[in-house]
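*Asks:* No sequence on hand, only this structure:
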């Protein structure tokens, strides 16, 4: 892999140990702006100041936690250091669950695991995970932080996705779905037909961040001195009844199909 | 006792539960979800929250400090009105206003138009970025329940793109327990492929070799599908070290059987588990070598494999 590994660890599953390298699986593609001074177009600098505006230099800065408004408990760097979990290279599998048991809201950030001079065990594990169709719940400590992740096999490699902690996810058992009178069977049938007519495959490469492209195009044109004109946003209007909207949608789809046949 | 407690816990409407959980009942986004010509007004709330502990920056006496912007040349403080967003391109700084960014946002920014419905299992969770819960707005309850019911029944997920707070998102709309959820997803160019082999492939294409031989290597084995695809595309006859390549559509493979090696490893582990010291076990050489030929690929390349080689093969893939 041309990409550089960001961490090395040892996957421990029961009595099996697999040395692995961790690679970032996502890339930041956002358009980033700087804060610049309007008059000079130069980037502004930042400093930390007291209420009076007096600057405090970096070496005199401390960190604190606000326990009640305007009351802070100072936390020293050494104290923060001591609170970190002990360093370890272990990625411990705690249990295996069917892959459809993890709700979408738990997934946070993916990493690839590559073999670290231990191809044999690595590919044996890839095969085993494929066969079992289950996901391993693993825990590890990286750069002073605890992580929980979902370990799975995708194609010919291992995928490790960082999961959110329980306190970061809204508990879904507390949520009541909207209620109302029984749904109209005719509308249900039409909606079902509409959804299946719009059925297809998930092709990620078909979707592009058009907005990101447009912003980039706009700033580049502006740099050349051409100020592009911008369109005005229009709102979408709804008024017709649900039954009417479904009937019209299906009619439009059928018309489209007939045209393709003809 | 615990069970009773959880039973007696009152289930709340999503927006109330979110308001209670986050002390802020304002939706992150309001708009419509549409499929066909059906349009459902909804509110979007975060389903996750940050649990990191925020520490404030303090001065030496424990007094809270604030961040201050200043001009690099004069050292003078700058008011917010004196600063603007800047973007560096070709050594020039272009300034962009909030209004310009807003007007670059397309019409669909108020609408999540479900272009396609796909099987939930088709989406790798590595695309998932951030989860939201959707609640019906403007008496849209009926259409909301209809879509939730159909999607849950068919195990399908609607896919769309939309703009929220100045950024375009790829989004999956899912239904679970009668509740519609939105999951923003990474675009395909934000997700890396497992290996950056493309540069190596280019070098091969430039050299125009008449054949390709790959050496035994775990990384190459892991990427066999891509390598085999490449040899097919470039009409390259190729010889591989493991049968897995031929099974993936590679022309031919000759080498020690990985499966036999793994079985050998299992006997090794078994002996160690039964008390043999690993140091006492002999180092074993692979004994089983396999020749696998993919005749389908041979035909596609216009090659005739000599009868003598075919007879030698352990397996022919038709």
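*Replies:* Now that the structure is in, tell me what you want to look at. Just so it is clear, the structure is predicted and the values come from calculations on it, not from any experiment.

*Asks:* ok, residues contacting stretch B:80-93?
*Replies:* The set of residues external to stretch B:80-93 that reach it, using Cβ atoms under 8 Å, 6 or more residues apart in numbering or on different chains, is A:31, A:33-39, A:41-44, A:219-220, A:223, B:69, B:94-98, B:101. (Each C-beta comes from the backbone N, C-alpha and C, glycine too.)

*Asks:* per-residue confidence averaged over that stretch?
*Replies:* Averaged across stretch B:80-93, the pLDDT comes to 86.

*Asks:* Ok, stretch A:56-71 next?
*Replies:* For stretch A:56-71, mean pLDDT rounds to 90.

*Asks:* Equivalent analysis for stretch B:220-239, please.
*Replies:* 81.

*Asks:* before we move on, back to that, of the contacts of stretch B:80-93, which qualify as buried by neighbour count?
*Replies:* With neighbours counted by 16 or more other Cβ atoms under 10 Å in any protein chain shown, the contacts of stretch B:80-93 contain buried members at A:31, A:33, A:36-37, A:43-44, A:219-220, A:223, B:69, B:94-96, B:101.

*Asks:* Which of the contacts of stretch B:80-93 fall within strands?
*Replies:* Among the contacts of stretch B:80-93, the ones falling in strands (DSSP state E) are A:34, A:35, A:36, A:37, B:69, B:94, B:95, B:96.

*Asks:* what about the chain, any weak spots by pLDDT?
*Replies:* As the question left the chain open, I've gone with chain A. A:1-3, A:230-239, A:257-262 (pLDDT under 70).

*Asks:* think we crossed wires, I meant chain B
*Replies:* For chain B, residues meeting the criterion pLDDT under 70 lie at B:1-25, B:106-109, B:195-209.

*Asks:* starting at the chain centroid, how far to stretch A:78-86?
*Replies:* 28 Å (Cα atoms, centre = their mean, to the nearest Å).

*Asks:* Stretch A:45-52 too?
*Replies:* How far stretch A:45-52 lies from its chain's middle: 34 Å, per Cα atoms, centre = their mean.

*Asks:* on that earlier part again, widest-spaced pair of the buried ones among the contacts of stretch B:80-93?
*Replies:* Based on Cβ to Cβ, the longest span within the buried ones among the contacts of stretch B:80-93 runs between A:220 and B:69 and measures 26.4 Å.

*Asks:* Show me what counts as buried in the lengthiest helix in chain B.
*Replies:* Assignment by DSSP state H gives helix B:258-273 as the longest helix of chain B. Residues of helix B:258-273 classed as buried by neighbour count (16+ other Cβ under 10 Å): B:258, B:261, B:264.

*Asks:* Kindly indicate which of those residues lies nearest residue A:255.
*Replies:* Closest to residue A:255, out of all of these and judged by Cβ to Cβ, is residue B:258, at 55.2 Å.

*Asks:* Tell me how far residue A:140 lies from residue A:151.
*Replies:* Using Cβ to Cβ, to the nearest Å, residue A:140 is found at 10 Å from residue A:151.

*Asks:* Same question for residue A:95.
*Replies:* To residue A:151, residue A:95 is 11 Å away according to Cβ to Cβ.

*Asks:* Which parts of the stretch 51-200 of chain A are strands?
*Replies:* Counting by DSSP state E, counting those that start in this stretch, the stretch 51-200 of chain A has strands at residues A:62-68, A:71-75, A:90-98, A:107-115, A:134-142, A:145-154, A:157-163.

*Asks:* for these, which one sits closest to residue B:32?
*Replies:* So among these, strand A:107-115 is nearest, using Cβ to Cβ, at 26.4 Å.

*Asks:* what's across from residue B:58 in the sheet?
*Replies:* With DSSP bridges applied, residue B:58 shows beta-bridge pairing to residue A:62, residue B:64.

*Asks:* Now do the contacts for it.
*Replies:* A:61, A:62, A:63, A:64, A:72, A:74, B:64, B:65.

*Asks:* Could you report the distance from the third one to chain B?
*Replies:* Meaning residue A:63. Remark: distance between residue A:63 and chain B (Cβ to the nearest Cβ, to the nearest Å) = 4 Å.
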